[in-house]
Structure formats: C-alpha cells, structure tokens
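Visitor: below: sequence and its predicted model.
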Amino acid sequence: MQKGKFFNVIAAGNGRASIMLYGEIGGDDGVSPERIVAEMSYLSQEYPMIDVHINSMGGEVFAGIAIFNALKDSPSMVNIYVDGLAASIAGVIALCGKPLHMSRYSRLMLHSVSGSCKGGARDMRECADLIEGLEGTLADMISQKCGMPSEQVKLTYFDGKDHWLTADEAARLGLCDDIYDLAGSDTLGPAPTNEQVYQFVNLSGRKSPNHNKMEFIDKIKALEEFKGMTEDDIVNKVKSISNDAAKVEALQARIDQLEAENKASKDAAREAFLNQAVADGRIKADQKEGYRKLMDADEATTKALIEAMPKASKPSITDYLNGGKAPEGSKELAQMSWDEIDKAERLGELKDKFPELYKAKFQEKFSGEAK
C-alpha cells in the first residue's frame, strides 16, 4: 500500500477546524503524534469545535496512545469521523470517548497487539509481558467507550483474530454514536472490500459534511445554561441534572412511603376508636362503617359526637345473681367465689363466656370491692 503524507488541518470558520488523520499512525511518513499533539494544543485554544477525520490502517501503539490522550483531554468539543477505515490502533483512537461518527461504508477493526523483538528467552518474555500489558491498557480505553468490562473486551477483541465491524455493527455494540453517508461512496458497490474503502476515501481526501447530530449539539451549546461549556462539561452537567432528577424521584418515593405509613397508622387508630365505642356500648357493631365514613369527612366532629354518647351500663354481680341484666347461664358462676370457680377449673369458661362477670369476680377477689 502506497504511503503518503496525509496529515493536514482545515480551518472551516464558525469556530470549527478539522484534522485529517489519514495514513499510518507514527513512522516517518505517517500521522505524527508530535504534530497531532501540538496541533490539538493550538487548535483547542483557537477553536471550540474540532472535527477529527480518520482513514488509517493503524500503526504504532504508543504513538496511537499519545494521540488518543490528546483528543480525549482536549477542552474543545471534539467529534471523531471514520471516513474509511479505523483499524488496529487507529480504531482505538476512534474510541477515545468523544462522539464517534462512521460513514455507512466505513470499517472499524480491533485486534490483538502484535510486535517482535530480538534476543534471548528473557527478552522474549519481557516482550510478551509488554504486549499483554498494552492489551490490558487498550482494553481499558475501549471499555470506557462501549461500557463493556475490560476483561470482556480482551476476550472479545484480543483473541488473535481481526474483528472487522461495519458502521451498523459498531453502532449495535455501542462503539459508534452516529452513521452518515459519504457522498460518492455509492460507486463502491453494495459490498466494498476494506482496501477499496480505504483507497476511495484516501484518494478523495474529502472532509465529511456536518451532520444533524452535530447541529443538535451546537444548539445545546447555544443555550444559556450550557454557554461556554466544552463537550465534557455538557456531559457532566447533564449527568448532574440526571442525578438531581434521581434524587427528586427518591425523595418522592420516600414521601409516598411516609404518607402510606401515616394513612395505615391513622386507619388503625380509627379502627381502635370505633372498636372501643362498640365495647363501651356507645354504638352498635353494625354502625361502625357508617361512622367510619363520617370520620373520613370530619374526624374531629365525629369523634366528639361518639364520645358524647353515654356508655352502656354493665351488669354487676348483683345483676348476675338476680338474673336481671345478666346473660343466661351466668347465675351459677355468679353464686360461686373466685376460688371455687378456680377449683372447679372454670375460670377459662368464665372469661370466655361472661367477660364482665369475670372482671367483677377478679375485683371481688383481689381488691375486695364487690359490686
């Protein structure tokens, strides 16, 4: 594949500039990390928006990591465009955490780190350790973009095979944020090869058009709340807003819980009040529901009304003996003392069948107050 000096910068006006990462990453005639880092440092001071266009088969890993960090840490709003190929370390650069746009005909390729060395067994082991360490680093970098755990990234993409992804496949895997059409790419046919895609974009040397997604982000930056913010600032602001919304949601859930607990407690207190009113003989059991509805409308007035009602008189031991107000069958037990009832093992019967007589006998036994 013919090499050439593909790197250049295009100032487009409206606060926007473009960098073309066309060619091999690193090397004498390729995309120089020194120039990219220097240009990014300069452009970040002059342009709030920087578009980075990639068409590269990859290259040197450490050169790619330097470019990755320069793009990732830029205070400007950086957008990455894969016009043709972003393969090997160029693919990792494309996944630097900035919005990634891929041409519909473009390709993203990820694979294991490769290298060679000379020397003895120790040199070979050190080289292998370096390669494994770099794969761990690259896996961490890719993980931050797609959300896949680093170990899973290594198992998926660093297995010794070349993983070529179309724009649609990259989008489904969370690696690509947007797909655009590159004018003239229809001449490539329905299934162009990787080499054809690379050569077509490389020879056209064109800058991708602005896209709806970028226009949307520009509109966001024009809002008063987001003015002067970088892309990372906007993302952090949105995260903060989302976090505050989650707090409000959690607070509302707690309020709903407390209201439900308060209602349950209030209902239990009403039930206890009405049961006591029935026990006191102020109201009848079949009147409870009606009074409950009155309490729903005006609890204070309804409670005052019930409390003003006289309690039903309770039969005394004399009543039990005379059979006046006493329940049928209670006279025999009324004539017996507490101890006699206890000896006859009938205290349980007394308590269950004649609770008022049970209370009277209890008072007679333990306080000496017969009524």
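Guide: Everything's here; your move. Only a predicted model underlies this, so the values are computations on that prediction, with no experimental measurement involved. Numbers count the residues shown, from 1 in each chain.

Visitor: contacts, neighbours, all on C-alpha from now
Guide: Fine.

Visitor: scan this structure for its longest strand.
Guide: The longest strand of the chain (DSSP state E) is strand 77-87.

Visitor: so which bits of whichever helix or strand comes after it are buried?
Guide: Heading C-terminal from strand 77-87, the first helix or strand you meet, by DSSP states H and E, is helix 89-94. Residues 89-94 are the ones in helix 89-94 that count as buried (16 or more other Cα atoms under 10 Å).

Visitor: now swap in stretch 123-139 and tell me
Guide: 127-128, 131-132, 134-136, 138-139.

Visitor: about what we covered before: other SSEs contacting the longest strand of the chain?
Guide: In terms of contacts (3 or more Cα pairs under 8 Å, 6 or more residues apart in numbering; DSSP states H and E), strand 77-87 is packed against strand 49-56, helix 89-94, strand 100-103, strand 107-110, helix 194-204, helix 231-279.

Visitor: format those as JSON lines; extra columns: mean pLDDT.
Guide: Below are the helices and strands packed on strand 77-87 laid out as JSON lines (pLDDT from 0 to 100):
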{"stretch": "strand 49-56", "mean pLDDT": "91"}
{"stretch": "helix 89-94", "mean pLDDT": "93"}
{"stretch": "strand 100-103", "mean pLDDT": "92"}
{"stretch": "strand 107-110", "mean pLDDT": "93"}
{"stretch": "helix 194-204", "mean pLDDT": "65"}
{"stretch": "helix 231-279", "mean pLDDT": "81"}
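
Visitor: deepest of those, which one?
Guide: helix 89-94 (a mean of 28; mean count of other Cα atoms under 10 Å).

Visitor: for K227, grab the count of nearby residues.
Guide: 11 (other Cα atoms under 10 Å).

Visitor: and what of L350?
Guide: By other Cα under 10 Å, the burial measure for L350, its neighbour count, is 20.

Visitor: Y358 and K351 touch, don't they?
Guide: Yes: counting by Cα atoms under 8 Å, Y358 does reach K351; the two are 5.3 Å apart.

Visitor: out of the two, which sits in the more crowded spot?
Guide: Y358 (21 against 13).

Visitor: mind listing what that one touches?
Guide: 347, 350-351 (Cα atoms under 8 Å, 6 or more residues apart in numbering).

Visitor: check what pLDDT it gets.
Guide: Listed pLDDT for Y358 reads 85.

Visitor: now whichever strand or helix holds it: buried residues?
Guide: Taking DSSP H and E as the criterion, Y358 maps to helix 355-366. Going by neighbour count (16+ other Cα under 10 Å), the buried part of helix 355-366 is 356-358, 360-362, 364.

Visitor: let's have those residues in JSON lines, adding distance to A121.
Guide: Listed next are the buried residues of helix 355-366 as JSON lines, based on distance: Cα to Cα, whole Å:
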{"residue": "E356", "distance to A121": "100"}
{"residue": "L357", "distance to A121": "102"}
{"residue": "Y358", "distance to A121": "99"}
{"residue": "A360", "distance to A121": "102"}
{"residue": "K361", "distance to A121": "102"}
{"residue": "F362", "distance to A121": "99"}
{"residue": "E364", "distance to A121": "104"}
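
Visitor: quick one: which of these is nearest to E169?
Guide: Within those, the smallest distance to E169 is 82.7 Å, found for E356 (Cα to Cα).

Visitor: quick check: F362 touching S337?
Guide: No: counting by Cα under 8 Å, F362 stays clear of S337, with 9.8 Å between them.

Visitor: look up the pLDDT of T318 for me, please.
Guide: Taking T318 on its own, its pLDDT is 68.

Visitor: what does the one 3 residues further on give?
Guide: With respect to pLDDT, L321 has a value of 66.

Visitor: before we move on, what about K353?
Guide: 84.

Visitor: burial check on it, number of neighbours?
Guide: Neighbour tally, K353, other Cα under 10 Å: 14.

Visitor: please apply the same query to R282.
Guide: 17.

Visitor: cool, the one 5 residues further on as well?
Guide: Other residues within reach of Q287, judged by other Cα under 10 Å, total 11.
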